[in-house]
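1. sequence first, predicted model second:
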Amino acid sequence: MAGHVLLALLQLALTLSALVHSQNQPGFISIDCGLVDKPSYTDESTSIYYTSDANIISTGISHSISSKHKTQNLKRQFWNVRSFPEGTRNCYTLVAPQASSNKYLVRAMFMYGNYDGENSLPKFDIYLGANWWDSVMFQNESEIVSKEIIYVASSDYAHVCLFNTNSGTPFISVLELRVLDSDAYLFNTLSLLARYDLGLRDAELVRYPDDSYDRIWRPSDSEDWRQINTLLHVDQGLSSTTSSYGLITYPPSIVMRTASTPANVSNKMEVHFQIGNNSYFVYLYFAEIQKLQANEIREFNIFVNGELFRANFSPSYLQTLNILAIGNGPWLSILINKTDRSTLPPLVNAIEVYMDKNLSQPQTQQTDVDAIMNIKSIYGIKRNWQGDPCTPQAYSWDGLNCSYDGSGPPRITSLNLSSSRLTGNIAPDVSNLKDIEYLDLSNNNLVGDVPSFLSQLQFLRVLDLEGNQLSGIIPTKLMDRSNNGSLKLSFGGNPNLCSSEDSCKSSRAKLVIPLVSSLAGAFILLATTITFCTYRRKQTGTCLMSSIGKNSL
């Protein structure tokens with residue numbers, strides 16, 4: 001008894017601990033993929049609470065990276081991976097935290113670390129819902145590849161899927177979701193290309209808790225720049241960005257307290273990015289962090305792809321100002337040089353570069369997703385039901401058909417769960433598949449009544465309930481639809497299921513008549529045997545029942 005009490009207390013402590021962590025980091029989902037030695041932990045440097053993916057995904061295999069790559073400086077999140085040697089598509093479904101915003105930052109990180117002992121760098125694709133997000137490629141075994149996207153979700157689910165492109169086994173190390181303010185950044189979908197703290201060098205990354213959204217600010221590595229810094233706080237709030245592009249979620253003060261300036265006498269700074277056939281969004285962040293003397297001027301021009309974008313610009317002292325540049329690829333070149341009257345070289349504190357990502361393929365209707373996810377959970381369906389049920393169309397879930405009219409999200413129109421070892425009642429969530437036309441629940445072990453909500457599915461044309469243990473009377477409206485030809489209804493093989501009250505009475509009567517006839521026959525045989533025995537006793541003084549009479553009785 002004491003052992004059970006101790007176990008209960010331990011489970012309660014773990015639950016309370018998880019609750020406290022989730023409250024301290026609202027809007028965070030942090031998953032250490034492939035973690036098996038413990039269910040969760042708190043990262044020492046960031047205080048981010050990471051959980052295992054063991055209860056989040058049912059496919060894949062957990063691996064530990066090679067000991068050669070498990071260095072002292074490597075974060076714990078990269079010690080393990082989950083690989084997916086089977087199936088073309090394997091997905092994580094993240095249920096977003098309840099929040100006032102549906103704008104999310106989703107980040108997936110990968111480190112190969114020769115986890116499989118093959119010394120072969122894989123290449124595979126990552127999808128967000130139904131849409132291609134990016135390709136994952138590696139230059140060496142110890143490289144950490146990060147993919148990050150900011151988007152406005154159309155549902156409470158974020159489906160992150162890895163696709164096998166026949167160039168190696170897909171895997172993942174870390175998966176994270178962060179809820180952003182609804183007015184942060186643009187209203188477009190933005191795929192991160194680069195995010196730099198330009199005054200940070202040879203130091204750890206800047207992220208949570210310094211950045212409340214856990215954006216990862218990486219140090220610059222240009223040898224043409226030198227770093228300057230201040231210990232004073234840098235305020236936020238000034239922006240040259242118009243309101244039509246949303247508000248800016250500024251870098252934290254720790255990022256803005258450092259900056260880069262030219263290291264040589266050229267007094268200019270250049271950065272270049274390969275964009276490809278994409279639109280780009282560049283956020284340049286400036287703050288003067290040196291107290292200028294009366295005779296000092298810091299003023300510079302900003303050129304984007306060879307064209308003057310901002311002239312005679314002077315950053316404000318200890319106040320962040322953002323400049324947003326929007327354009328199209330294939331290249332992005334930024335040149336910053338001082339003006340003729342400037343006595344000081346230009347500076348830049350931070351930069352973010354995003355590419356516009358087209359997520360035009362809509363996800364399945366939210367109510368349909370909720371319904372089918374609940375049906376999957378209730379029946380414990382073991383099929384490879386992962387990611388969005390209907391999209392991409394080539395990878396829709398087994399047993400499902402969907403409508404794709406192009407004017408709205410896909411809807412589930414057909415569900416075939418025949419011979420799926422279903423038990424219990426017909427799940428009430430079926431009633432939320434409002435566009436369903438074909439429903440096959442045959443040859444399972446379903447019990448209970450046929451629910452009346454099935455008659456409310458106005459588009460239902462075929463309903464197969466054969467071969468179960470259903471009982472009671474089929475709802476009148478279903479039978480009416482069956483009788484007028486608008487519904488093909490099959491329910492044979494359910495011994496205790498009737499089409500009407502009269503048919504149930506008839507079935508009971510058919511059972512009673514053979515039983516009465518059987519009992520009457522038995523009494524007649526008994527009476528005959530007794531009469532014959534009486535006669536024998538009178539003739540011989542004894543009465544031995546024949547074998548026929550004994551077996552009959």
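-> Structure's in. What do you need?
2. just the element for the most centrally placed residue in the chain, please.
-> Closest residue to the average C-alpha location of the chain: Thr93 at 2.2 Å, with CA atoms, centre = their mean. Taking DSSP states H and E as the definition, one finds Thr93 inside strand 89-95.
3. mean confidence score for the next helix or strand after that strand?
-> Next helix or strand after strand 89-95 toward the C-terminus (DSSP H and E): strand 103-111. Averaged across strand 103-111, pLDDT comes to 96.
4. what's strand 103-111 packed up against?
-> Contact analysis of strand 103-111 by 3 or more CB pairs under 8 Å, 6 or more residues apart in numbering; DSSP states H and E lists strand 144-152, strand 157-167, strand 171-172, strand 174-180 as its packing neighbours. C-beta here means a position set from N, CA and C on the backbone, and glycine is covered the same way.
5. which of these sits most buried?
-> strand 171-172 (a mean of 26; mean count of other CB atoms under 10 Å).
6. just how off-centre is that one within its chain?
-> Offset of strand 171-172 from its chain centre (CA atoms, centre = their mean, to the nearest Å): 15 Å.
7. can you check stretch 463-483 too?
-> Distance of stretch 463-483 from the chain centroid (CA atoms, centre = their mean) equals 36 Å.
8. endpoint to endpoint, it covers what distance?
-> End-to-end distance of stretch 463-483 (CA to CA, to the nearest Å): 13 Å.
9. which residues touch it?
-> With contact meaning CB atoms under 8 Å, 6 or more residues apart in numbering, stretch 463-483 is reached by 418, 439-452, 454-455, 487-501, 504.
10. rewinding a little: what's the angle between the strand holding Thr93 and strand 103-111?
-> With axes from the mean of the first three to the mean of the last three CA atoms, to 10 degrees as the basis, strand 89-95 and strand 103-111 are set at 140 degrees to each other.
11. strand 89-95 vs strand 174-180, what angle?
-> Going by the same axes, to 10 degrees, strand 89-95 is angled at 40 degrees with respect to strand 174-180.
12. how far does strand 89-95 sit from its chain's centre?
-> Put simply, strand 89-95 sits 4 Å off its chain's centre (CA atoms, centre = their mean).
13. same question, stretch 382-397
-> 13 Å.
14. skipping adjacent residues, who's closest to Lys103 in space?
-> Distances taken as CB to CB, 6 or more residues apart in numbering put Leu180 closest to Lys103, at 4.6 Å, once the chain neighbours are dropped.
15. again, but for Tyr395
-> Take Tyr395 and drop its neighbours on the chain: the residue closest to it by CB to CB, 6+ apart is Arg89, 5.1 Å away.
16. what of Leu344?
-> Excluding the flanking residues, the one nearest Leu344 by CB to CB, 6+ apart is Arg298, at 4.1 Å.
17. what's the neighbour count on that neighbour?
-> By the measure other CB atoms under 10 Å, the count of residues near Arg298 is 21.
18. quick one, phi psi at it?
-> Main-chain torsions, Arg298, degrees, to the nearest 10: phi -120, psi 110.
19. go on, Asp480?
-> Dihedral angles of Asp480 (phi, psi; degrees, to the nearest 10) stand at phi -60, psi -40.
20. how many other residues sit next to it?
-> 12.
21. list the contacts of the nearest residue to Thr258 once chain neighbours are set aside.
-> The shortest distance from Thr258 to any non-neighbouring residue, by CB to CB, 6+ apart, is to Gly199 (2.6 Å). Going by CB under 8 Å, 6+ apart, Gly199 touches 220, 227-229, 257-260, 349.
22. who wins for neighbours among those?
-> Neighbour counts for the contacts of Gly199 (other CB under 10 Å) peak at Ala259, which has 29 neighbours.
23. is that residue in a bridge, and if so with what?
-> When bridges are called by DSSP bridges, Ala259 pairs up with Ile228.
24. what about it, distance to Tyr213?
-> Distance of Ala259 to Tyr213, given as CB to CB, to the nearest Å: 22 Å.
25. do the same with Val450
-> Computed as CB to CB, the Val450 to Tyr213 distance reads 50 Å.
26. these two: which has the busier surroundings?
-> Using other CB under 10 Å as the criterion, Val450 and Tyr213 rank with Val450 on top: 24 against 17.
27. where does the stretch 101-250 of the chain dip in pLDDT?
-> Residue ranges of the stretch 101-250 of the chain with pLDDT under 70: 237-248.
28. flag every buried residue along the host helix or strand of Ser191.
-> According to DSSP H and E, Ser191 maps onto strand 190-197. Using 16 or more other CB atoms under 10 Å as the test for burial, strand 190-197 gives 190-193, 195-197.
29. and for stretch 405-420?
-> Buried positions in stretch 405-420, judged by neighbour count with 16+ other CB under 10 Å: 409-417, 420.
30. cool, stretch 26-41 as well?
-> Buried residues in stretch 26-41 (16+ other CB under 10 Å): 27-35, 40-41.
31. residues making contact with that stretch?
-> 14, 18, 21-22, 48-54, 56, 60, 62-64, 76-77, 80-83, 92, 94, 96-97, 99, 172-179, 214.
32. which PyMOL command selects the buried ones in the residues you listed?
-> Buried residues among the contacts of stretch 26-41 (16+ other CB under 10 Å), as a PyMOL selection:
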select buried, resi 21+48+49+50+51+52+53+56+60+62+63+77+80+81+82+83+92+94+96+97+172+173+174+175+176+177+178+179+214
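33. so how many other residues sit close to the nearest residue to Glu299 once chain neighbours are set aside?
-> Once flanking residues are discounted, Glu299 sits nearest to Ser342: 4.2 Å by CB to CB, 6+ apart. Here the number of neighbours of Ser342 (other CB under 10 Å) works out to 18.
34. how about the contacts made by Ser342?
-> Applying CB under 8 Å, 6+ apart to Ser342 gives the contacts 297-300.
35. which two among the buried residues of stretch 405-420 are spaced furthest apart?
-> Farthest pair in the buried residues of stretch 405-420 (CB to CB) is Pro409 and Ser420. Separation: 25.8 Å.
36. can you put the contacts of Gly199 in a markdown table and add distance to Gly306?
-> What follows is those, written out as a markdown table (distance: CB to CB, whole Å):
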| residue | distance to Gly306 |
| --- | --- |
| Ser220 | 23 |
| Gln227 | 28 |
| Ile228 | 28 |
| Asn229 | 31 |
| Arg257 | 32 |
| Thr258 | 29 |
| Ala259 | 24 |
| Ser260 | 22 |
| Asn349 | 24 |
